[in-house]
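Participant: Next come a sequence and a model predicted from it.
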Amino acid sequence: MSIRTGIVGISGFGGGEALRLIAGHPSFDLVYAAGDGSAGARLIDRFPGVPRALADLVIRKWDPEALPELDLLFASLPTGRSADALARVPASVKIVDIGGDHRHVAGWTYGLADVWPERIAGQSRVANPGCFPVATLTALAPLLAAGLIDPANIVIDAKTGISGAGRGGGDGRFGFAETNETLIPYGLLHHVHMPEMETTIAQLGRGSAAGLVFTPHLVPMTRGLLVTTYARGRATTGECLAAARAFYAERPFVRVTDQPPQSKWASGSNLAFVSYAADPARNLVMALGVVDNLGKGAAGHAVQNANLMVGLPETAGLEGAPLWP
Ligand SMILES: NC(=O)C1=CN([C@@H]2O[C@H](COP(=O)(O)OP(=O)(O)OC[C@H]3O[C@@H](n4cnc5c(N)ncnc54)[C@H](OP(=O)(O)O)[C@@H]3O)[C@@H](O)[C@H]2O)C=CC1
Ligand SMILES: CC(=O)N[C@@H](CCC(=O)OP(=O)(O)O)C(=O)O
């Protein structure tokens, strides 16, 4: 099966990772690349290592009304820039939006693929979760579904690599000298990912998540993301691990580990690692989640969603091992 595929925002970090994955995908053929400032360049000008077959594909100025014949479009545009334009893409083109404009929006499926693949299969408009939400929700979902934690009072402490901000992110605040050898908390109390986490935790836990606290930190690494969440519950560590192993028994991309996961374990892959530590005497459950912010946090998850949308094996193009070291 050949699926005519496009990427808009291809020169960015998320779009570039989508290019890498699609270049190795058995069924997705990249026939359209688009952007803004990069328009006019060939892929090889932007990505010197791109496979030869794609080298001369020219990046077009993004215009949803001037698309070639396409089956599938990955949109990796800055959040806030995709809603209007994607509304003008013909209905026959399936879309995965990697950005944040369509999460929990009517007409779009929230693409939490490892938790509810059946909701995504066959859909034509899917919104990828944000990078922090996917790590958090993948770790918490088994506990919420089994009623092992209270959805009302969850605290999330998160660390991300700098590429999470994108090439264009940060207004120049994310240069090497500003981010190397320092830790930077940001987005306190009102980070943009709060609403999608609150909504999804409430759905999975069948109760209000109004007490949610979320604090992300930038750490001086290129890729990787670790969340450590603290919740109230009387389960033991063994019960949490068993619940997660049962929940993800048939899921190809989630690894439940006895050891707390490390960010590098997922590097360059679509894997999510989750683990747990709990002390019933202290009414405390800790759930940890690791993803590559550009893999399961963005392009890997987008390809997984697209596989489900078009009826391919979920793992198509995503089976490579992570980078090590
Ligand atoms: N980085 C990450 O880890 C994650 C990112 N995301 C989300 O994915 C989306 C993309 O992020 P990311 O790749 O990091 O960002 P980047 O800043 O790296 O890339 C954004 C790309 O969008 C293109 N672009 C900007 N404005 C326009 C426009 N008006 N028309 C066409 N193209 C445009 C730019 O292309 P050009 O160079 O041609 O101007 C640029 O390459 C964002 O919504 C982000 O929040 C989600 C999860 C994780
Ligand atoms: C380091 C950094 O800045 N990370 C981004 C998250 C990237 C992401 O998931 O963005 P969207 O929700 O917009 O898709 C942030 O905290 O906003």
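Facilitator: Sure, I can see it. Ligands and ions are numbered 1, 2, ... in the order given.

Participant: Which pLDDT value belongs to the nearest residue to residue 280 once chain neighbours are set aside?
Facilitator: Using C-beta to C-beta, 6 or more residues apart in numbering and skipping residues adjacent in sequence, the residue nearest residue 280 is residue 234, 4.5 Å away. For the C-beta atoms, the positions are set from N, CA and C on the backbone; glycine is no exception. Here the pLDDT value assigned to residue 234 is 98.

Participant: how close does residue 234 get to residue 143?
Facilitator: Taking C-beta to C-beta, to the nearest Å as the measure, residue 234 falls 12 Å from residue 143.

Participant: Helix, strand, or coil at residue 215?
Facilitator: Under DSSP: H, G, I helix; E, B strand; the rest coil, the three-state class of residue 215 is strand.

Participant: What is the neighbour count of the residue nearest to residue 280?
Facilitator: Other residues near residue 234 number 16, with proximity taken as other C-beta atoms under 10 Å.

Participant: Please renumber the chain so that the first residue is 58 from this point on.
Facilitator: In the new count, where the first residue is 58, that last one comes out as residue 291.

Participant: Can you pull the phi/psi pair for it?
Facilitator: Main-chain torsions, residue 291, degrees, to the nearest 10: phi -110, psi 10.

Participant: what does this protein put close to ligand 2?
Facilitator: Applying C-beta under 6 Å from any ligand atom, one finds that the chain approaches ligand 2 through 136, 156-157, 187-188, 217, 221-222, 226, 244, 249-250, 273, 275.

Participant: mind redoing it with 5 Å?
Facilitator: With the criterion set to C-beta under 5 Å from any ligand atom, the chain comes near ligand 2 through 136, 156, 157, 187, 188, 217, 221, 222.

Participant: any weak-confidence spans in the stretch 108-257 of the chain?
Facilitator: Within the stretch 108-257 of the chain, no stretch falls below the threshold (pLDDT under 70).

Participant: got the residue ranges for the strands in it?
Facilitator: Applying DSSP state E, counting those that start in this stretch to the stretch 108-257 of the chain gives strands spanning 117-118, 129-132, 151-154, 166-167, 182-184, 212-217, 241-242.

Participant: Would you tell me which of those gets closest to residue 259?
Facilitator: Between residue 259 and the strands of the stretch 108-257 of the chain, the tightest spacing by C-beta to C-beta is seen for strand 166-167, at 12.7 Å.

Participant: Please name every helix or strand in contact with the closest one.
Facilitator: Packing partners of strand 166-167 (3 or more C-beta pairs under 8 Å, 6 or more residues apart in numbering; DSSP states H and E): helix 174-177, strand 182-184.

Participant: Now do the first one: distance to the chain's middle.
Facilitator: In terms of C-alpha atoms, centre = their mean, to the nearest Å, the centre of helix 174-177 is found 16 Å from the chain centre.

Participant: Alpha carbons of that helix, as CSV, please.
Facilitator: Output of helix 174-177 as CSV, limited to C-alpha atoms (Å, rounded to 0.1, in the frame of the first residue of the first chain):
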residue,chain,number,x,y,z
PRO,A,174,-6.2,3.0,20.0
GLU,A,175,-9.8,2.0,19.2
ARG,A,176,-10.9,5.6,19.3
ILE,A,177,-8.3,6.5,16.7
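
Participant: Would you point out which residue of the stretch 208-357 of the chain is nearest ligand 1?
Facilitator: The minimum distance from the stretch 208-357 of the chain to ligand 1, using C-beta to the nearest ligand atom, falls at residue 223 (2.6 Å).
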